[in-house]
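Enquirer: output the structure for:
(chains A and B)
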Amino acid sequence: MVEPVNSSLGKMLLEEISPVVMVLCTPLVEDTFLRNGLSFVETLKPFCNFSNIDVPVRTSSDQLYRLKKFTLRLFYASDIKQPNVEVAKQRLERVITQAGEKDFQDLKSDPPQITDILSNPESEIAPSWFRYYNKELIRTLSFSDHEAFDHPVACLLVVSSKDEEPIKKFVDLFNSNRLPTDGTMDPNILKHYLLVHDNQDATTERTSKVLSEMRSQFGNNECNLLCTNSSKEGNVEHQANPWASFKSSVSADKLGCALTGDDIVEIKDLMQEFASRHIIPYMEQKVRELNQQISATRKGLKNQFKNFLWRKGKDDNPDATKGSMYTYSSTESQIRILGDYAFMLHDYELALSSYRLIYTDYNIDKAWKHYAGVQEMRGLAYFISDQPKKDSECMENAFSTYMKLGKSGFQNATRCGLWWAEMLKARDQHKEAASVYFRICGEEPLHAAVMLEQASYCFMLTKPAMLHKYGFHLVLSGDHYKNCNQVNHAIRTYKSAISVYKSTTWSHIKDHLYFHIGQWYAIVGMHDVAVRNMLKVLDCGYQSKATQEIFLRDFFDIVKKTGMKHEVVGLQLPILNMSSLQVIYEDHRTYASQASALVEESIWQSLEDDIIPSLNSGKSNWLELQSKLLPKKYKESNVCVAGESVKLDLEFRNPLLISTSITSVSLICELTANSDDLKLVDNEPSGSSLSPEISTEHNQVTTSGFSSFTLSEVDFTLGGGEKKLVRLTVTPSEEGILKIVGVRWELSGSIVGVHYFQSVSVKAKTARGRRKNKLTPTDALKFLVIKSLPRLEGSIDHLPEKLYAGDLRYLVLELRNKSESPTKNLKMKISHPRFVSPGNHEEELTTEFPDCLKKGDEHNIVQRESNRTSSVFAFPKDVSLQGDRSLRWPLWLRAAIPGTISLYFTIYYEMENVSSMKYRTLRMHYNLQVLPSLQTSFKVTPSPSRLQEFLVRMDIVNRAKSDCFQIHQLSTVGCRWGISLLQPVDTILPSKFLLAGQALSCFFMIKDCRKSGTEDEETTSLPPSQTDVKLYTQDDDEKLFDIVSSPLASFHESERSCQGPSVQVSPNTVDFILISRLAKSSSPSAVPDLPKILSHHSCHNSIRSSSPISWSLDGPQTIHHDFSTSLCEIKLKMVIRNTSDGISSVTINTNDFLPDAAATTSSSGNQSGWRYVPTITEEMKLTSDVMGSRLGKPPSSMESSPPFIWSGLSSTKIQIQPLSTTEIPLQISVFSPGIYDLSSYELNWELSEHESATSSGTCQGYPYYLTVLQSE
Amino acid sequence: MIVCVAVVGHQNNPLYIQSFTDADDALKLHHIVHCSLDVIEERVNNPKKSGTTLNEAFLGLLYPTVNYKVYGYLTNTKVKFILVTTDLDVRDTDVRSFFRKFHAAYVDAVSNPFHVPGKKITSRTFAQTVSNIVGSYGLN
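Expert: Presented below is the predicted three-dimensional model:
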């Protein structure tokens, strides 16, 4: 709380409410002082403020008081009038513009911290030019009619000694320049006469004569002489120039150049004498006279009563003057003069009592401007008298009254508000002051801007500070400044507002601030600062789409104006998803395709375990040990090869709703030469790893002068909110340490976004699983680049994606080495030997596949000794690849089982003359989809009459959905068994094709060709044709396939090991190979690449019967029936033979329900995988001739009801004597056409031998397929 | 009609601001909500000495602007609820009822175990509930 007299308002009032002296001078006087670059009034103004005048004053009472501070205001007579509105407006605008230009250099600085603003002293918070602005604003109301403190108190008439007839000049000056107002100012004011003598021109004799004449004419005390311009040279420089604040355009040193120090002292003494001996005594006498007069007429109870009656009579006077309501001589005007004079003489008590007398009169007369003016003066008087609350009440009253006047009172309201705000601020009521500033904003935008800014500083000064309103009012002020093209001020206010919002999460407001201040910086030409602010709104994902478009368009416009590219670290457009970062590189492990690199490392490691030389083995001597060891540094860091690219996958996301084009996306890398390390590796004398002392002394120098790596550049467009995975590559061409530092990209060709990876944890795709230490984030993106190495490229031609089970294909593996350095010791490992088998010769086959597999081809290789010692295939020793030479090696592919199979190939090769890496591996990965095709099942039964012969029943089901297959041949494996047909081919296969879903049963006879009695004797060689059975008609002129030759023999060995654990050939088992092919007349197949040959292997089929009985179900295979008349009853016959020596009791149980699949599977190993065959719907009509027929739709299953019923006895029990046969009739009822599996029965047998205990068992029924067709 | 509701955290960070006007005046409403924080802090630091309203969460009319009235509500955890309306004659009982329902919806939203305290409320259920509350009170 400041004492009112010493507050800013107190000082302002001392200056602004002070006596006015009207100055009248001749042109010659002005010329005299213009030599100093000043007008006459300007010369005197610095000396009109008296800080210690010390004059005794006596006004209304007899008590004296001393004036210490006093001020005079000097005006030319021509200026004593109401200023022109437009002129005043321009003057105010010039104050603001000059202040803005002065602050121009500070605009570039960053917004200050809000804590720094709060800790500033109170006087430094608001800009200093506000005081000048407020003064100019107040002065626009000077010389109002209703306010007496602006009326001139005295008149100063100045004549030069060089004027002709000076006495006459004095009289003419006053007569021709009367007071400008019409009767509201006192015409009889004090006059003072001043004679100016220029020491450079006039003579002293003439001046003395004129002065004598003046004194005789106007009075001795009213005349004075002022001698000036005493300096002859005219180049006096004043240390503290009192006129420095007047003019900034002229050099301050020139002001007052003709005045000496004595001249200045003379001016000062003149003004002090003028004030103390003339002005103050005159005002003092005036106050006493007015007070005495008014006391006689207005004070006291009697006078108030008379005044009431008299004033009422005045209203009825029809002759009232139409002009001004109150002339100078009116009582109200006299009282106002009394109050104002008392105020200026600092007698505030007398002033208050005077104002109290008239404000009621003005209220009654509805003279609102006069009324408000008096209230305003009362408020100011109360303030200086230090009477709180009363001052604010008066100011509020005055302010409201001015506002009620509308536009005509707004200027007065503004001045009143400014004084009122200063009053409140002096009492630390800053919030109330802010509301006053807000109320005087008005409609003029520049005026409002200044007021709003002052209001914001009030909010800053409250205890505690109201920062939110401070920021808000600064924003409002900035908007108004911008609307008036005061861009510098707009930037200044917005910068202060940013200090408030900068560290908050009020993003909508922050975006608005940064966007606009960026635009405004661009307007004033500071484009780099503009870009810096605009960058903060680029990731405005939460704004509306239209707003984002505006932001981005304006941003790029501003960036283009700078004419340079701006690099922004951490740019959030687009957003990089660092968790998606993946690094793919190759060291000694190389990949043939992208799919190969995505396979889990553990799969490759398990495949390569026995193909990669172990570091712990082969310790024949230390020289060999040295060549196999890799330096320890290599094992711990990522290794890549010069000339081969490192790939980095990263996801970019557009946070905006609008499409954004991103160009020139590339990595940021550093390559450091590491020659010392490489030399140490080359010259390493022993097998030990580098010691820590040597490792720390590596001299790492960044390679400069030329590019040591090649970077890829990617361009793409991200739609609104779109994500995209981008692959970036770096290909080092020199050895050293490669670091991937970050990513850079460009927007609109002018903004460069940069993102550094320093603190990102990267998932290195090919990191070794055996590494114990976890990768540090920086190590994952750090690579040791070694010398260029040969890199094999491998591919397999025409590897199909879809196959039928059993499909046999001929493939070619092609390996290529583009490097000039040769490779050696090629090896290959295949993950599924059951599926893929390498061939034996590099040369192309002389005969085309599949005819090369047929018998009679001279180039077939018979593999009689086909056992492999290991699963690693070693290429011939003489195979070496270099100089873009390619090796083509045959591969055989057979789809062994249905399902989705992943095939993995690893090619191992070694380099010559390379010490950094001894070997590399090429990894290839392919996916196969194998569809089911023919499914076979074999049942071997010994013949009762011939000991060397066995009955073979083969059941085939076509499991394919739409394709038909043709059976070609059936062969036994080995030379022991001969096979022959029991029926002609035409009987077995009337249609020659197996339709989709169709089942078939065939019977064969096999014969053991070993010598009877002794197994030690050599097996006689059978003719080749006796081990194969042709299953096609004799009309076809086709040869049988040789199952002894490769690759059928190799694949059969694989199947044997997969289908059973037997290692040696068991004397009680037999193997079969069924060869089939796709029917050529089929509709478009499910497999795009048509198979040529399919082989189906069935191994370990037992020839020993496991039960004492054997049986067969006899009946028709295919019947026709007219279901429109009745259901179909089919008679069957079961023949059962007791093959044991005891009596067998057999029970036949028939089931009408579908057997459980699990139970069926587990009951018999030979029938594993058998499924129920779906029936054919009624819409499908099959005829005997199916050649060329097409299946309209796949068959559907009728699972809701049993397809047939055993209509005979459900259980039959018989006794069979040893080695005898019996027949049992059976019968089924069928309700619709279809293919039926009549295996839903079981035989329970019980054997009673005479000498041993009773044994028993259960036999599941054989598959017996019955085809029922609709007869026409 | 209610033009804006907001939830502001105890560090004066905005947790939820939603405007219910067709015009593009989200920025203006953000400023109004932001300025009301000064008034809320003033009310909290200088509570009225009335005994019956000692623990009152409802702060009443914060300040009137030219076109809007701003009401405030303060929870025990110093979370502020702010309501901006264009209605000239608003009864305190209606505003209290609104804030009670709004408070209940807020408690439901922050009780979500996946909600991080101090972060913006992104629950669609909360947004729908608030729209329903605003819709029902906008008819008055």
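Enquirer: the one residue in chain B that gets nearest to chain A - how many residues pack around it?
Expert: In chain B, the residue that lies nearest chain A is residue B:38 (3.9 Å; C-beta to the nearest C-beta). Backbone N, C-alpha and C define where each C-beta goes, glycine included. Residues contacting residue B:38 under the criterion other C-beta atoms under 10 Å in any protein chain shown number 24.
Enquirer: again, but for the one 3 residues further on
Expert: Here the count is done by other C-beta under 10 Å, and residue B:41 has 16 residues near it.
Enquirer: where does it land in three-state SS?
Expert: Using DSSP: H, G, I helix; E, B strand; the rest coil, the structure places residue B:41 in helix.
Enquirer: list the contacts for residue A:580?
Expert: Going by C-beta atoms under 8 Å, 6 or more residues apart in numbering or on different chains, residue A:580 touches A:649, A:650, A:651, A:725.
Enquirer: how many other residues sit next to the second one?
Expert: Just to be clear, that refers to residue A:650. Each residue near residue A:650 was counted by other C-beta under 10 Å, and the total is 21.
Enquirer: distance check, the residue nearest the centre of chain B against residue B:36.
Expert: For chain B, residue B:82 is the residue whose C-alpha lies nearest the centre (C-alpha atoms, centre = their mean; 2.2 Å). Separation of residue B:82 from residue B:36 (C-beta to C-beta, to the nearest Å): 6 Å.
Enquirer: correct me if wrong: residue A:968 contacts residue A:1041.
Expert: Yes. Residue A:968 lies in contact with residue A:1041 (C-beta atoms under 8 Å); the separation is 7.4 Å.
Enquirer: now for those two: what residues contact both?
Expert: By the contact definition C-beta under 8 Å, 6+ apart, residue A:968 and residue A:1041 are jointly contacted by A:1075, A:1093.
Enquirer: okay, the two: which has more neighbours?
Expert: Counted by other C-beta under 10 Å, residue A:968 and residue A:1041 do not tie: residue A:1041 has more neighbours, with 22 against 19.
Enquirer: quick check: pLDDT value at residue 19.
Expert: All of this refers to chain A. With respect to pLDDT, residue A:19 scores 88.
Enquirer: that's the wrong chain, I meant chain B
Expert: 83.
Enquirer: these two touch, right, residue A:73 and residue A:48?
Expert: Yes. At 7.1 Å, residue A:73 and residue A:48 qualify as touching, with contact defined as C-beta under 8 Å.
Enquirer: follow-up on the earlier one: from the contacts of residue A:580, pick the one nearest residue A:370.
Expert: residue A:651 (77.5 Å; C-beta to C-beta).
Enquirer: need the contact list for the residue in the stretch 451-600 of chain A positioned nearest to chain B.
Expert: Distances between the stretch 451-600 of chain A and chain B by C-beta to the nearest C-beta are smallest at residue A:466, namely 3.9 Å. Taking C-beta under 8 Å, 6+ apart as the contact definition, residue A:466 lies against A:431, A:459, A:460, B:38, B:41, B:42.
Enquirer: so the fourth one sits against residue A:464, correct?
Expert: I take that to be residue B:38. No. Using C-beta under 8 Å, residue B:38 makes no contact with residue A:464, being 9.3 Å away.
Enquirer: up against chain A, what does chain B have?
Expert: Residues of chain B lying near chain A by C-beta under 8 Å from any C-beta of the partner chain: B:12-14, B:17, B:24, B:26-27, B:30-31, B:34-38, B:41-42, B:45.
Enquirer: let's see 10 Å
Expert: B:8-9, B:11-15, B:17, B:24, B:26-42, B:45, B:63, B:118-120 (C-beta under 10 Å from any C-beta of the partner chain).
Enquirer: narrow those to those that are buried.
Expert: B:8-9, B:12, B:14-15, B:17, B:26-41, B:120 (16 or more other C-beta atoms under 10 Å in any protein chain shown).
Enquirer: for the strand or helix carrying residue B:100, buried residues please.
Expert: Assigned by DSSP states H and E, residue B:100 belongs to helix B:92-110. For helix B:92-110, the buried set under the neighbour-count rule, 16+ other C-beta under 10 Å, comprises B:95, B:96, B:98, B:99, B:101, B:102, B:103, B:105, B:106, B:109, B:110.
Enquirer: tell me what the helix or strand containing residue B:32 is packed against?
Expert: Using DSSP H and E, residue B:32 sits within helix B:26-45. Applying 3 or more C-beta pairs under 10 Å, 6 or more residues apart in numbering or on different chains; DSSP states H and E, one finds that helix B:26-45 makes contact with helix A:467-483, helix A:507-523, strand B:2-8, strand B:14-19, strand B:58-64, strand B:69-74, strand B:80-85.
Enquirer: adding distance to residue A:225, write those out as TSV.
Expert: Output for those, formatted as TSV (distance: least, C-beta to C-beta, whole Å):
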stretch	distance to residue A:225
helix A:467-483	52
helix A:507-523	58
strand B:2-8	75
strand B:14-19	76
strand B:58-64	65
strand B:69-74	70
strand B:80-85	73
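Enquirer: could you look up the SS state of the residue of chain A positioned farthest from its centre?
Expert: The centre of chain A is farthest from one residue, residue A:216, which by C-alpha atoms, centre = their mean lies 94.6 Å away. Taking three-state DSSP as the rule, one finds residue A:216 in the helix state.
Enquirer: check contacts around it.
Expert: Neighbour list for residue A:216: A:167, A:223 [criterion: C-beta atoms under 10 Å, 6 or more residues apart in numbering or on different chains].
Enquirer: how close does the residue nearest to residue A:835 when sequence neighbours are not counted get to residue A:1132?
Expert: Leaving out its chain neighbours, the residue that sits closest to residue A:835 by C-beta to C-beta, 6 or more residues apart in numbering or on different chains is residue A:896, at 5.6 Å. Using C-beta to C-beta, residue A:896 is found at 37 Å from residue A:1132.
Enquirer: now swap in residue A:271 and tell me
Expert: Counting by C-beta to C-beta - residue A:271 and residue A:1132 are separated by 147 Å.
Enquirer: the two: who's more crowded?
Expert: residue A:271 (21 against 18).
Enquirer: the residue nearest to the centre of chain B bridge partners, please.
Expert: residue B:6, residue B:72 (DSSP bridges).
Enquirer: thought it was touching residue B:12?
Expert: No. Counting by C-beta atoms under 10 Å, residue B:82 does not reach residue B:12; the two are 11.3 Å apart.
Enquirer: who touches both of those two?
Expert: With contacts defined as C-beta under 10 Å, 6+ apart, the residues shared by residue B:82 and residue B:12 are B:34, B:37, B:40.
Enquirer: can you list the residues you listed in a markdown table and add distance to residue A:66 and pLDDT?
Expert: Conversion of the shared contacts of residue B:82 and residue B:12 to a markdown table gives the following (distance: C-beta to C-beta, whole Å; pLDDT from 0 to 100):
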| residue | distance to residue A:66 | pLDDT |
| --- | --- | --- |
| B:34 | 54 | 82 |
| B:37 | 53 | 84 |
| B:40 | 53 | 83 |
